[in-house]
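Novice: need coordinates for the below:
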Amino acid sequence: METSAKPGSSMETATAGSAAPAVAAGPAAVPLSAIDIPPGAAPGADPADRVFLLDYVAEIEIGAYASEQGVRQRLGFDVVLEVARNTAHVDDRVERVINYDDIVQAITALGEGPRINLLETFAERLAEAVLVDPRARRAHVRIAKLDRLPGEARLGVEITRSRRPESNERVWALATEIR
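Specialist: This next block holds a predicted model:
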């Protein structure tokens, strides 16, 4: 699997309430503020911190059609994790934050693992993989096929999944398959 990040791409932490960058450029861009507080959160609850990987590109064999079998396609990934407030400011230690490389490694592991036909399946498995970290509360995943349509047109899927206490055992079990 080949990967790259577009010039000017981002892997950063954002805090709600600050100027909210968009999850992806273009007319379908979703401002990070649009996924601020999980449904059901108490009014006035602390806004979530976010860790994100934007404009990440990987070549992966994926697709349900015969013309897509045995062919690598460029996929664009935008992944935003809402996370528990980090405490990195206390002593500036990387162990206190979610490692951005874990997001990239999850994409790589899925891309190099058993073949997946559907972007929807890839997105679900990626969300499950990144929600393994107990500090991750919610995952917003957007995957697009970058070269399937002519010109700059893209097609893809976008999902948002939340960690639920009853799903923790299932999520932890899936983690061992990915790592």
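Novice: Ala127 and Glu152: what is the separation?
Specialist: Distance, Ala127 to Glu152, by Cβ to Cβ, to the nearest Å: 26 Å. (Glycine included, C-beta is placed from N, CA and C.)
Novice: the two: which has the busier surroundings?
Specialist: A count of neighbours by other Cβ atoms under 10 Å puts Ala127 above the other of Ala127 and Glu152, at 23 against 7.
Novice: can you classify the more buried one as helix, strand or coil?
Specialist: helix (DSSP: H, G, I helix; E, B strand; the rest coil).
Novice: that one touches Arg138, doesn't it?
Specialist: No: with contact defined as Cβ atoms under 8 Å, Ala127 does not count as touching Arg138 (9.2 Å).
Novice: what do those two both touch?
Specialist: Residues touching both Ala127 and Arg138 by Cβ atoms under 8 Å, 6 or more residues apart in numbering: Arg161.
Novice: what about the helices in this protein?
Specialist: Taking DSSP state H to define them, one finds helices in the chain at 88-91, 100-112, 119-130, 168-178.
Novice: I'd like those helices laid out as CSV, including mean pLDDT and distance to Val80.
Specialist: Output for the helices of the chain, formatted as CSV (pLDDT from 0 to 100; distance: least, Cβ to Cβ, whole Å):
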stretch, mean pLDDT, distance to Val80
helix 88-91, 82, 18
helix 100-112, 95, 10
helix 119-130, 97, 10
helix 168-178, 49, 18
